[in-house]
Every structure is written in structure tokens, then in C-alpha cells.
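**Student:** any chance you can model this:
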Amino acid sequence: MRYRSRVTAPAAALIGTAAVSVTTAPTARADAPGRTATPGAETVGDPVFPALGNGGYRVTAYDLDLSYDSGTRRVDATARLTVETLQDLSRLSLDCLGLDVRSVCVDGRSATFDLVDEKLRITPCRTLRDGRCVVIDVEYGADPAKALPHTGWVVTQDGFATAGQPDSAHTVFPCNDHPSDKARFTFRITVPDGLVGVANGTLVGTWCRDGRTTYAYRSRFPMATELVQITVGDYVIKNRQGPHGLRLRDVVPTARAAALEPALALTPGLLEWLEPKLGAFPFETYGLLPCNSDDPNAFGFTGLETQTLTLYKPNFLLQEEKKIGSHMMHELVHSYFGNMVSPATWADLWLNEGHADFYGLLYRYERGWADSLGLTTMEARMKDTYSRGDQWRKASGPVAAPNAVNLFDSQRYLGGVLVLYALRQVVGEDVFNAIERTFLERHRGSSATTEDYIAVASEVSGQDQSGFLRDWLYGTTTPRMPGHPDWTVTPVPPSLAAPHSRRDGQYHDASATL
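**Tutor:** Okay, the predicted model is just below:
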């Protein structure tokens, strides 16, 4: 356990507000008789990451101000969180790992803080009453290259990018790091001239002073912390128009811009195929960020759906369309399943990955592109996947019951596709499509559980689907596939190799669209 305690001087406010000079922080106290304040919970009880998240408040907005020094390759930052209290709080906590926290202020008053494991405990100078809007400023420094048990920093030759999924956003900024607590974000990124700073959402301003440029961005829609993207480097911004006037923005390494153009030009066509199925694109912009790094270990995935700006390994996008189009669709689908509607817990990840692979494979097979097994139809791929069902359930657990080790293996991807395929077999294609659209619209801008999806499926189909879907999602053996009585499941061998750790550098690459 790591532990330290300080009384802080106040942080400078994020957007041009003068700091308040306070030198001491009295012990927290109750302001009204008969009411007892208690510390907020230091978990939200996630079944996969039980230590993640914090209780007693919800975050309504993050304002992040980062300044990058290309000489030291370090970041100085201030995070301003606007929170709404849900109880009388004597203390609250944020998720935080690897950050050099210098000061904390609550509503302009300095506060004591403790760093304990991956929690930043904050004790304000007075009790925070239930139902209040509270502003928390945390001033800190960060070394993106710092060795940590896990990290959301991606170090590049000229800066960095971020990849917080699933539980590492709090190595980049202190936060309530759980997808159930989505908030609005603004960013200010200050970099030396010659570099560009980019973040989620829309550029709303730039300022130049003393050889440095500040870029300000705002995300119009709520976002989970794991979907934050902040990148610094030698990039060129390439704009183009998508369907219905949607602004597309790609952030491309300057030296690779020409070579990457064929891949970037595919996005409008991908959107034209997807929107009739899932509805109009849900955000203000979309684009790709081919990270400026050739290091094969820079991050352990091919693409990551950071909101409005998908992070990619650049060399992947240098391949021909039939090699990349299916996975580009996978990542685009995450704008709907995963970003617009986030998982309420990490056990609900199959909703993200199963849907992304489902539509990514449909797109592949419609174009006649063989998959990694040489198969060219969804039915053939699902028959193969079905045969592996009991083995996967034995090795990785049921589809909707992962743990931290097997969270990103094939059961959440192709296993999730198999569940959706089985549901479509039962209700028919038209009803299935209506279930998809209804689920997305009902939970737009928020988080949803597996039970929420089951409820929508039952409502829209007009039949109780709970028993059917729970057998597919939580059963330890694979149910019979509707419409395919001849399909068989391969028996489980006496011993199965344990799935690899999600920290081994490959844990996001179980997608069947690769």
C-alpha cells in the first residue's frame, strides 16, 4: 500500500480564474445539527473491477488543462471536476494512479488529500451537503513513460496518445473511472510550436503565445472516462464530409498522410452502410487517429474506439480495403454500442464487442471478403463458433460473466455475436433490427445493462425473451441453436489452456473482424 498525506495550497482554476490563497484546511465538520456526514464509498461494486469507481457523488463535467514539455516529455495539468453530491460527504475519493498530485481545492478552498493505492482521498474543510454542486480542482504532474501496473498513456516519438480502456483513464487524470458515470468534457492542450494537440469533440479555439500553442476542445455529448482521447504530436488534420453533412476529422501523422489516405477515404462509405441499420451517427464528428508510433508494444490492440476519434496502429491502415474494412466497421459500430450507450458494468462488455463484431462481420460477408478462417458467410462462421461454445464457456466463463483476466477474449466478441445471431433466428430479422434501434434510442447518452437489453428484446418482440437470452448469456453449456438442429458442440477436452492476461499486450485483438 502506498500512502501519503498533505495539506495543500489551492490549484489555479482551469479556465482563467484566479486562485484563492488558503494555507490551512480545518477538519471536516457538520454544519447542521442532527445530520451525520460520512465518507463516500470507494467503489461502485463493479463485478469485474471491484475497486473501480467511487460513490457519494456523480460527475457532471470534467475540464482538463494539460501542458506538454517536449524537452522533459512530461505533462503539467489541472483537472477540474464539477460534481453533484448524492449524500452528506465528510470525504470523497477519485480514482488516481501514478500522478504527482500537488494540490487539491474544493470550491476554491484548499483540502487535505491522501493517496492510497489507486484512490485520491479528498477531505474538504467542511461537510459537503447532499444535492450540492461542488467544484474540485486537482493540480498534478505526469510522466507518460512512467512504469505502472497498468497505464492509459501511449508514448510516441513526438508526444503521446491516450488509451484508458478499461480501467486506466485515472493514470492520465484523476476521475470517477467507471462507464456508469458519464460526463461532459472540455480540454485545453498546450504544446510547443510545431506540435499539435487534439482531443475528443470539436475544436473551439486556439491561442499562441511565447512559442507555444493552446488548443481547446469540447465534447457536446456525455462521455465515459475510458473513451477520452488526448494526443500530442506532429500531426496534420484532414477534414472531409460524411453523410448528411457530418464533419469527418482525421488526425494523421504528417509523414504518413499520403500513404494513409486510401484508408481514411473509406469512412464515408462505412457510415452510409451503417446508418440505415443503427440510425444517424450519434456524435458531432468522427475520424481516425493513426498513432505516430511503429512500436509493436506501444499498445495492445489494433483499434480503440475513443469517442469521436478512433485510435489505430498506423501500419494496420496501410493494407488493402478487404484487410481493414471489416475492423474499421467494428470500430465505427462502437460509436453506437459502447460510446453512445456505454456498459453499465464491465460484465456488460459483450454488448459493445458482440455488436461491433456482428456488424463488422455482416459488412465483410456482404462484400465477399473471406474471414481469417477462410469463411465467407455469417452462417458458416456462426456454425464454427457454435462448435466451440462449450470450450469457451469452460475456459472463459459465460458470455456475460467475464473476469479481469478474460474480459477481452473471444467469448465477449464472437461469443456475443453468437447470442445476437441466436436472437435474430428466434425473432426474425425485422424484429431484431427494431430491438437494436429501440435499445439504442432508449439508452442514448447513458449506460445500460445486459438486463436492459433483455427487457427491450422482450418488449419489442412481444414475447418474454428473458429465459432464452439468459441461457445464452449466463449458461455453462451452449443452448441449441434455433433453426439449426444439426449444429453440434465439440466436447470439452479434459484440460484447457487458461486465457492470456489482459495485460499481455494483445488483449484487445480477439475481434473476428481482424
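**Student:** all helices of the stretch 351-500 of the chain, in order?
**Tutor:** Remark: helices assigned in the stretch 351-500 of the chain by DSSP state H, counting those that start in this stretch are 378-387, 389-396, 410-427, 429-442, 450-461, 466-474.
**Student:** between the ones you listed, which one is nearest to residue 177?
**Tutor:** With C-beta to C-beta as the criterion, residue 177 lies closest to helix 410-427 of the helices of the stretch 351-500 of the chain, at 19.9 Å. All C-beta atoms are positioned from the backbone trio N, CA, C, and that covers glycine.
**Student:** which elements pack onto that closest one?
**Tutor:** If contacts are counted by 3 or more C-beta pairs under 8 Å, 6 or more residues apart in numbering; DSSP states H and E, helix 410-427 sits against helix 349-366, helix 378-387, helix 389-396, helix 429-442, helix 450-461, helix 466-474.
**Student:** so can I have TSV of the ones you listed showing mean pLDDT and mean neighbour count?
**Tutor:** Compiled in TSV, the helices and strands packed on helix 410-427 are given as follows (pLDDT from 0 to 100; neighbours: other C-beta atoms under 10 Å):
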stretch	mean pLDDT	mean neighbour count
helix 349-366	98	24
helix 378-387	98	18
helix 389-396	95	20
helix 429-442	98	16
helix 450-461	98	20
helix 466-474	98	18
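**Student:** out of these, the one nearest residue 244 is which?
**Tutor:** helix 429-442 (17.1 Å).
**Student:** who are the packing partners of the closest one?
**Tutor:** Against helix 429-442 (3+ C-beta pairs under 8 Å, 6+ apart) you get helix 267-278, helix 410-427, helix 450-461.
**Student:** chain center to it: distance?
**Tutor:** 23 Å (C-alpha atoms, centre = their mean, to the nearest Å).
**Student:** kindly export that helix (C-alpha atoms) in CSV.
**Tutor:** The C-alpha trace of helix 429-442 is given here as CSV (Å, rounded to 0.1, in the frame of the first residue of the first chain):
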residue,chain,number,x,y,z
GLU,A,429,-34.6,-10.0,-39.0
ASP,A,430,-37.2,-7.2,-38.9
VAL,A,431,-37.9,-7.6,-35.2
PHE,A,432,-34.2,-8.0,-34.4
ASN,A,433,-33.5,-4.7,-36.2
ALA,A,434,-36.3,-3.0,-34.3
ILE,A,435,-34.8,-4.3,-31.0
GLU,A,436,-31.4,-2.8,-31.9
ARG,A,437,-32.8,0.6,-32.7
THR,A,438,-35.1,0.7,-29.7
PHE,A,439,-32.3,-0.2,-27.3
LEU,A,440,-30.0,2.5,-28.7
GLU,A,441,-32.6,5.2,-28.6
ARG,A,442,-33.9,4.3,-25.1
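**Student:** angle of that helix against helix 267-278?
**Tutor:** 100 degrees (axes from the mean of the first three to the mean of the last three C-alpha atoms, to 10 degrees).
**Student:** for this structure, give me the ranges with low pLDDT.
**Tutor:** Residues of the chain meeting the criterion pLDDT under 70: 1-34, 496-508.
**Student:** just the buried positions in the helix or strand harbouring residue 190, please.
**Tutor:** Taking DSSP states H and E as the definition, one finds residue 190 inside strand 184-192. Residues 184-191 are the ones in strand 184-192 that count as buried (16 or more other C-beta atoms under 10 Å).
**Student:** go on, stretch 137-147?
**Tutor:** Neighbour-count burial for stretch 137-147 [16+ other C-beta under 10 Å]: 137-140, 142-144.
**Student:** the helix or strand encompassing residue 90: how far from the chain's middle?
**Tutor:** Remark: residue 90 resides in strand 89-95, with elements defined by DSSP H and E. On the basis of C-alpha atoms, centre = their mean, strand 89-95 sits 23 Å off its chain's mean C-alpha point.
**Student:** ok so, going back, deepest of the helices and strands packed on helix 429-442, which one?
**Tutor:** With neighbours taken as mean count of other C-beta atoms under 10 Å, the helices and strands packed on helix 429-442 reach their highest mean count in helix 410-427, at a mean of 24.
**Student:** okay, the angle between that helix and helix 450-461?
**Tutor:** Going by the same axes, to 10 degrees, helix 410-427 makes 20 degrees with helix 450-461.
**Student:** so what's the closest residue to residue 426 other than its chain neighbours up against?
**Tutor:** Leaving aside its sequence neighbours, residue 426 sits nearest to residue 482 (C-beta to C-beta, 6 or more residues apart in numbering; 5.0 Å). Shown in contact with residue 482 (C-beta atoms under 8 Å, 6 or more residues apart in numbering): 422, 425-426.
**Student:** go on, residue 198?
**Tutor:** 189, 215, 217, 229-232, 235, 237, 251, 289, 309.
**Student:** check which helix or strand it maps to.
**Tutor:** strand 196-199.
**Student:** one step back: got the contact list for the strand holding residue 190?
**Tutor:** 14-15, 60-70, 159, 197-201, 211-223, 228, 230, 232.
**Student:** which neighbours does that strand have in its sheet, and in what orientation?
**Tutor:** Strand pairing for strand 184-192, determined by DSSP bridges: strand 57-69 (parallel), strand 212-218 (antiparallel).
**Student:** quick one on the thing from earlier: nearest to residue 148, out of the helices and strands packed on helix 429-442?
**Tutor:** helix 410-427 (24.6 Å).
**Student:** could you list which of the buried residues of stretch 137-147 belong to helices?
**Tutor:** Among the buried residues of stretch 137-147, no residue falls in helices (DSSP state H).
**Student:** could I get those as TSV with distance to residue 333?
**Tutor:** Listed next are these as TSV, based on distance: C-beta to C-beta, whole Å:
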residue	distance to residue 333
137	37
138	34
139	38
140	35
142	32
143	35
144	29
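**Student:** for residue 376, give its distance to residue 365.
**Tutor:** From residue 376 across to residue 365, the span is 6 Å (C-beta to C-beta, to the nearest Å).
**Student:** just to revisit the earlier point, export the strands paired with strand 184-192 to JSON lines and tack on mean neighbour count and distance to residue 125?
**Tutor:** Formatted as JSON lines, the strands paired with strand 184-192 follow (neighbours: other C-beta atoms under 10 Å; distance: least, C-beta to C-beta, whole Å):
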{"stretch": "strand 57-69", "mean neighbour count": "20", "distance to residue 125": "17"}
{"stretch": "strand 212-218", "mean neighbour count": "18", "distance to residue 125": "31"}
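**Student:** possible to save those as CSV with distance to residue 411?
**Tutor:** Shown next, in CSV, are these (distance: least, C-beta to C-beta, whole Å):
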stretch, distance to residue 411
strand 57-69, 31
strand 212-218, 36
